[in-house]
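Colleague: Could you work out the structure for the sequence below:
(2 chains)
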Amino acid sequence: MLAALTLLLLFQLAGEVIARALALPIPGPVIGMALLFLALLVRGGPGDDLRSTAGTLLQHLSLLFVPAGTGVVLYGSRIADEWLPLGVALVGSTALAIAVTALVLQALLRRREPPAEDRR
Amino acid sequence: MSPRLDEIWVYLSTTPLLGLTLTLLAYQGAFWLYKRCGFHPLANPVLISVLILAGILLATGMPYQRYFDGAQFVHFLLGPATVALAIPLYAQWPRLKAMALPLCIALVVGSLTAALSAYGLGALFGASRESLISLAPKSVTTPIAMGIAERLGGLPSLTAVLVITTGILGAVGARYLYRLLRIHDPAVRGFAIGIASHGIGTARAFQVSEQTGAFAALAMGLNGLATAVSLPWILPWIERLFGG
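Modeller: Residues are numbered from 1 along each chain as shown, chains lettered A, B, ... in the order given. Next up, the predicted model:
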């Protein structure tokens, strides 16, 4: 687990260095993810240690958003002032983004795969 | 007796221990409830944890910054966790490769829909300019969205809250939407939730199945890249469109 964690941090570090050196607008961890993905393609897959450590980390992914989410306490007055536009924008736009993406992707996949894949 | 309690409280509220312990306790309580509710999306563990912690901060008057001094140890793990998403992606690689073109088209359409509709709806209902810019990257994973908002003149920490709310909304609502629209393919379900509601949607997708989770992780990563690169270019155009 320690080796796997070190490996993840090394890829994150490499990502941060690349993002800064090339002044990319993309965060280091995302570049680190892409680098690790390429490394896995070259090496032919993760070892057991990396697989199980990543699994543990991703199993609790929700927890990692809690500290930033609690920052909601800083915006009480802005949310009170703008609750309607913010609420409509968040709910409407999230629903639209999910629906449009899913419908487009499903339509494109149907065109190339026979509809037998459809379970209903 | 009460001066002693005061001293203990003063001590606890100045060490990172309290913020960290509270975060883990709140999350475990919320996750227990989520499990008891049969993983019902309305019992979303991020939502419940945030409500518990915000309640505690408001009730005790503990400043957010002091809470975050402890909670940052958990927050920090977002980085390595993002890197770790490469592993489920790798596991789904054969199927991803076969679907490359449809996925790219869905990415462009979904990414534009998310940013345009957030800005447009906000503008239509009279949000301030700072709020609108903070809204535009709301479907992108927290660290990328905060970076984009900062660069474009929004409020990064407001963006973090909007991003997380978006994630919770997607994680809570996607199932009903999919049922309504008759979308059953786990790959399509995962990809759409990853585009619209980033890591929190992805966390929910992993609880449904590994395949759904991997497509969500892919969509989240791609949308992060696409939005970070395109939003600075298209924002002036969006602002002109909605008279922002």
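Colleague: which helices and strands sit right next to the host helix or strand of residue B:75?
Modeller: Assigned by DSSP states H and E, residue B:75 belongs to helix B:64-76. Contact partners of helix B:64-76 among helices and strands, from 3 or more CB pairs under 8 Å, 6 or more residues apart in numbering or on different chains; DSSP states H and E: helix A:66-69, helix B:16-36, helix B:45-60. All C-beta atoms are positioned from the backbone trio N, CA, C, and that covers glycine.
Colleague: what about the first one and chain B, touching?
Modeller: By that I understand helix A:66-69. Yes: residues of helix A:66-69 contacting chain B under CB under 8 Å from any CB of the partner chain: A:66, A:67, A:68, A:69.
Colleague: Surely residue B:223 and residue B:106 touch.
Modeller: No: counting by CB atoms under 8 Å, residue B:106 is not a contact partner of residue B:223; they are 10.4 Å apart.
Colleague: quick one: contacts for residue 44?
Modeller: Here I'm looking at chain A. The contact partners of residue A:44, taken as CB atoms under 8 Å, 6 or more residues apart in numbering or on different chains, number zero.
Colleague: Sorry, I should have been clearer: chain B.
Modeller: With the criterion set at CB under 8 Å, 6+ apart, residue B:44 makes contact with A:62, B:34, B:168, B:171, B:172, B:200, B:204.
Colleague: Nearest the geometric middle of chain A, what residue?
Modeller: Central residue check for chain A by CA atoms, centre = their mean: the C-alpha nearest the mean position is that of residue A:30, 8.4 Å away.
Colleague: Look at that residue and report its pLDDT.
Modeller: In the prediction, the pLDDT value recorded for residue A:30 is 81.
Colleague: hmm, back to that, by neighbours, which of the contacts of residue B:44 wins?
Modeller: Neighbour counts for those, by other CB atoms under 10 Å in any protein chain shown, peak at residue B:200, which reaches 31 neighbours.
Colleague: What's the per-residue pLDDT of residue B:89 here?
Modeller: Reading off the confidence values, residue B:89 has pLDDT 84.
Colleague: Contacts only, for it.
Modeller: Residue B:89 makes contact with A:33, A:37, B:96, B:214, B:217, B:218, B:221, according to CB under 8 Å, 6+ apart.
Colleague: Could you identify the most distant pair in the residues you listed?
Modeller: Taking CB to CB as the measure, the contacts of residue B:89 span a maximum distance of 13.9 Å, between A:33 and B:96.
Colleague: In terms of neighbours, single out the busier of those two.
Modeller: When neighbours are counted by other CB under 10 Å, residue A:33 and residue B:96 differ, and residue A:33 comes out ahead with 28 against 17.
Colleague: What is the subsequent helix or strand relative to whichever strand or helix holds the more buried one?
Modeller: In the assignment (DSSP H and E), residue A:33 maps to helix A:28-43. Next helix or strand after helix A:28-43 toward the C-terminus (DSSP H and E): helix A:48-59.
Colleague: Can you pull out the low-pLDDT segments for chain A?
Modeller: In the prediction, chain A carries residues with pLDDT under 70 at positions A:113-120.
Colleague: so what are the domain limits for it?
Modeller: A:1-59, A:63-120 (automatic domain parsing).
Colleague: can you put the ones you listed in a markdown table and add distance to residue B:156?
Modeller: Formatted as a markdown table, the entries for these read as follows, by distance: least, CB to CB, whole Å:
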| stretch | distance to residue B:156 |
| --- | --- |
| domain A:1-59 | 12 |
| domain A:63-120 | 10 |
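Colleague: Looking at the ones you listed, which is nearest to residue B:27?
Modeller: Go through the domains of chain A one by one with CB to CB and the one that ends up closest to residue B:27 is domain A:63-120, at 4.7 Å.
Colleague: How far away from the center of its chain is the closest one?
Modeller: 13 Å (CA atoms, centre = their mean, to the nearest Å).
Colleague: go on, stretch A:15-30?
Modeller: 16 Å.
Colleague: contacting residues around it?
Modeller: With CB under 8 Å, 6+ apart, stretch A:15-30 has contacts from A:12-13, A:31-35, B:78-80, B:82-83, B:141, B:143-144, B:147-148, B:151, B:221, B:224-225, B:228-229, B:232.
Colleague: again, but for stretch B:95-107
Modeller: Surrounding stretch B:95-107, the residues in contact under the criterion CB under 8 Å, 6+ apart are A:101, A:104-105, A:108-109, A:112, B:89, B:187, B:191-192, B:195, B:211, B:214-215, B:218-219, B:222-223, B:226.
Colleague: Give me the subset of those residues lying in helices.
Modeller: Those of the contacts of stretch B:95-107 mapping onto helices are A:101, A:104-105, A:108-109, A:112, B:89, B:187, B:191-192, B:195, B:211, B:214-215, B:218-219, B:222-223, B:226, per DSSP state H.
Colleague: For ChimeraX, write the selection for the buried entries among those residues.
Modeller: Of the ones in helices among the contacts of stretch B:95-107, the buried ones can be selected in ChimeraX as follows, counting by 16 or more other CB atoms under 10 Å in any protein chain shown:
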select /A:101,104,105,108,109 /B:89,187,191,192,195,211,214,215,218,219,222,223,226
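Colleague: Nice, that's everything, thank you.
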